[in-house]
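A.B. asks: Model the structure of this input:
(one chain, ligands or ions: 1)
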Amino acid sequence: MPEEKFSESIDTETLEQIAELAAETDQERCWPAAQLRSLTEAGVSRWDIPEHYGGLSTESTQMSRMYLDVSAACLTTSFVLSQRNAAVQRIVAAENEELKERLLPGLAAGETWATVGISHLSTSRQHLGTPSVAAREVAGGYVLNGFVPWVTGVRHADVLVSGGTLEDGRQVLVALPSETEGIQYGGTAEMLALTASATGNLNLENVFVEQWQVVAGPVEQVMKSGGGGTGSLTTSVIATGVAVRAVRALLDEAESRSDLEPEAKQFERECDRLVDDILATETGSTGSSEQCTPQSIRTRANSLVLRSAQAYLTAAKGSGFVSGHLAERTIRESMFFLVWSCPAPVAQSALREFACTPSWS
Ligand SMILES: Cc1cc2nc3c(=O)[nH]c(=O)nc-3n(C[C@H](O)[C@H](O)[C@H](O)COP(=O)(O)OP(=O)(O)OC[C@H]3O[C@@H](n4cnc5c(N)ncnc54)[C@H](O)[C@@H]3O)c2cc1C
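C.D. replies: Numbers count the residues shown, from 1 in each chain. I've put the predicted structure just below:
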C-alpha cells in the first residue's frame, strides 16, 4: 500500500490538514466546515460541472482518487461531499435548462451547498405500503407531502434534491431551495459514527414545486436514471478509502512487530487489487470481469473495510479501544457501509459472510 496519495489534484498539505481535523470533527460532532472550505479552494466544487456554468471537466478517475485520499483522512468530509456531489450530478444530468442556469453557477463557485434526501425513493421504507412522500400534479408543477427520512447536512444545504411518488407509481425528482415554504426540519441524529455529518430528516407539508425545479421524471424508478444510484461506484470508493486507512495503520504497526506482517501484507495486496480494479472499472478497461461489476466491487469494498478495521483494532489492542484512537474511529466508521446506500444483494453477501462457518468449528 503506497504511503503516497492517490490524487494529483489535492496537495499533501491539504490532505494532512483534513486528517488532522478528523478526530476533533468526530469527537466534537461538528460539521467539517474547514475541511470542505479547503477542498473548495482546491477547486473540487467545480469538478464535473460543465464549463458553461462555471465548472471544470475532470479526468475519469480524478474524483475517485480524491475520494480515496479524503476518505482515508476523514470519512465525515468525504461522505458529506459525496452527498453534495450526488445532488449536483443529478442537476447536471437534468434536461431542465432553467434549473441548471439557476443553480449550477452558485454550486460550482462553492457559494451554495446541496444535498440529497432520496433514499425513500430507492432503499429506505420500501417495505411500507405507501410512499414516504406523495407527489400530486397541479397546474404549474407538483405538490409534495410526506416524510424524507435521511438528509445529510440537512441544515447546511441551500438546495435539497428530493422527490415523491405520484398516484400512478411514477416518481419525480426535484430541487428544493432550503427556504421553501412547507419544509419542516427535524432534528439531526446521534449515530454510531458520522454524527458530524448532521444527518436529519424533513417533513414536507404541501410543498409547491414549480416546473423549473424538476430534476427528473415523472418516471418509474427515477433513481435508476441519471447515474450515481444506490451502490454506485462512489460508495465503494469511499469504503475503500477507509480500508486504505486501516491497512496503512496496520502496516505501520507491523513495521516493529513481525508477527503482524503476513496478514498486514495480505491486506495490502487485497487493497491494492481493489483500488486497481475500481480505477480500471472507471476507465472501462476491465472488460466483463465478474469481479468488477458495481455490485461485486461494493461487496468486496464492504468486506475489506470491515475486516481490515477489525484487524487494525486487534493489532492496536486495548489502546485502540479507547475513544479517540484512530482504530476506534475506523471501526465505527467501517460499520457505516453496511447501511449506507447498500443494495440488497450486497447486504445479503455480508450476511452470508457473517454466518459462514469458521474453519475451527
Ligand atoms: C449516516 C447516514 C447518512 C445518510 N445520509 C443520507 C442522505 O444524505 N440522503 C439519503 O437519501 N439517504 C441517506 N442515508 C440513508 C441510507 O442510504 C439508507 O437508505 C438507509 O440507511 C436505509 O435504512 P432505513 O433504516 O431507512 O431502512 P428501512 O428499510 O426503512 O428499514 C427501517 C426498519 O424497518 C424494518 N424493515 C426493513 N425492511 C423490512 C422488511 N422487508 N419487512 C419488514 N420490516 C423491515 C427494520 O426493522 C429496519 O430497521 C443515510 C444513512 C445513514 C446511516
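
A.B. asks: Make sure Ile49 is actually in contact with Gly55.
C.D. replies: Yes: the pair Ile49 and Gly55 passes the contact test of Cβ atoms under 8 Å, sitting 2.5 Å apart. For every residue, glycine as well, the C-beta is placed using N, CA and C.

A.B. asks: Spit out the residues that contact these two alike.
C.D. replies: Leu104, Ala108 (Cβ atoms under 8 Å, 6 or more residues apart in numbering).

A.B. asks: quick one, which of these two is more surrounded?
C.D. replies: Between Ile49 and Gly55, counted using other Cβ atoms under 10 Å, the more crowded position is Ile49 (24 against 21).

A.B. asks: May I have the phi/psi pair for that one?
C.D. replies: Torsion angles at Ile49 (phi, psi; degrees, to the nearest 10) stand at phi -110, psi 130.

A.B. asks: show me the contacts for it.
C.D. replies: So Ile49 contacts Gly55, Leu56, Val88, Val92, Leu104, Leu107, Ala108 (Cβ under 8 Å, 6+ apart).

A.B. asks: and with 6 Å instead?
C.D. replies: Gly55, Leu104, Ala108 (Cβ atoms under 6 Å, 6 or more residues apart in numbering).

A.B. asks: so Ser197 touches Val151, yeah?
C.D. replies: No: taking contacts as Cβ atoms under 6 Å, Ser197 lies outside contact range of Val151: 10.1 Å.

A.B. asks: OK, contacts around Gly141?
C.D. replies: Counted by Cβ under 6 Å, 6+ apart, Gly141 has contacts Val209, Glu210, Gln211.

A.B. asks: and the last one, how many neighbours?
C.D. replies: Per other Cβ under 10 Å, the neighbour tally for Gln211 reads 12.

A.B. asks: Excluding chain neighbours, what is closest to it?
C.D. replies: In space, and not counting its chain neighbours, Gln211 is closest to Gly141: 5.4 Å by Cβ to Cβ, 6 or more residues apart in numbering.

A.B. asks: For that neighbour, give me the pLDDT.
C.D. replies: Confidence at Gly141, expressed as pLDDT, is 97.

A.B. asks: And it, its phi and psi?
C.D. replies: phi 160, psi -140.

A.B. asks: So it versus the ligand, what's the distance?
C.D. replies: 22 Å (Cβ to the nearest ligand atom, to the nearest Å).

A.B. asks: other SSEs contacting the biggest helix by length in the chain?
C.D. replies: Scanning the chain for the helix with the most residues, using DSSP state H, yields helix 294-321. Packing partners of helix 294-321 (3 or more Cβ pairs under 6 Å, 6 or more residues apart in numbering; DSSP states H and E): helix 233-255, helix 261-283, helix 326-335, helix 344-355.

A.B. asks: Of those helices, which stretch is the most buried?
C.D. replies: Highest mean neighbour count of the helices and strands packed on helix 294-321: helix 233-255, a mean of 24 (counted as mean count of other Cβ atoms under 10 Å).

A.B. asks: Would you mind pulling the contact partners of that helix?
C.D. replies: 1, 64, 67-68, 71-72, 75, 78, 82, 260-261, 264, 267-268, 271, 274, 278, 294, 297-298, 301-302, 304-305, 308-309, 311-312, 315, 330, 333, 337, 341.

A.B. asks: How about stretch 73-92?
C.D. replies: 15, 18-19, 22, 25, 32, 35, 67, 70-71, 103, 107, 114-116, 152-153, 161, 194, 196-197, 215, 226, 228, 234, 238, 242, 333.

A.B. asks: ok, which residues in the stretch 101-250 of the chain are in contact with the ligand?
C.D. replies: 115-119, 123-127, 149-152, 191, 194, 197, 199 (Cβ under 6 Å from any ligand atom).

A.B. asks: In contact with Trp113, which residues?
C.D. replies: Applying Cβ under 6 Å, 6+ apart, the residues contacting Trp113 are His156, Ala157, Asp158.

A.B. asks: quick one: what helix or strand has the first one in it?
C.D. replies: When you say that, I think you mean His156. For His156, there is no host helix or strand (DSSP states H and E).

A.B. asks: okay, now it: neighbour count?
C.D. replies: Neighbours of His156 using other Cβ under 10 Å come to 18.

A.B. asks: Can you name the residues that contact it?
C.D. replies: Neighbours of His156 in contact, by Cβ under 6 Å, 6+ apart: Trp31, Trp113.

A.B. asks: What backbone torsions are found at it?
C.D. replies: Dihedral angles for His156 - degrees, to the nearest 10 - are phi -100, psi -10.

A.B. asks: Give me the neighbour count for the closest residue to Ser178 other than its chain neighbours.
C.D. replies: Closest residue to Ser178 apart from its sequence neighbours, by Cβ to Cβ, 6+ apart: Asp158 at 5.4 Å. A total of 15 residues lie near Asp158 under the criterion other Cβ under 10 Å.

A.B. asks: Before I go, just wanted to say thanks for your time.
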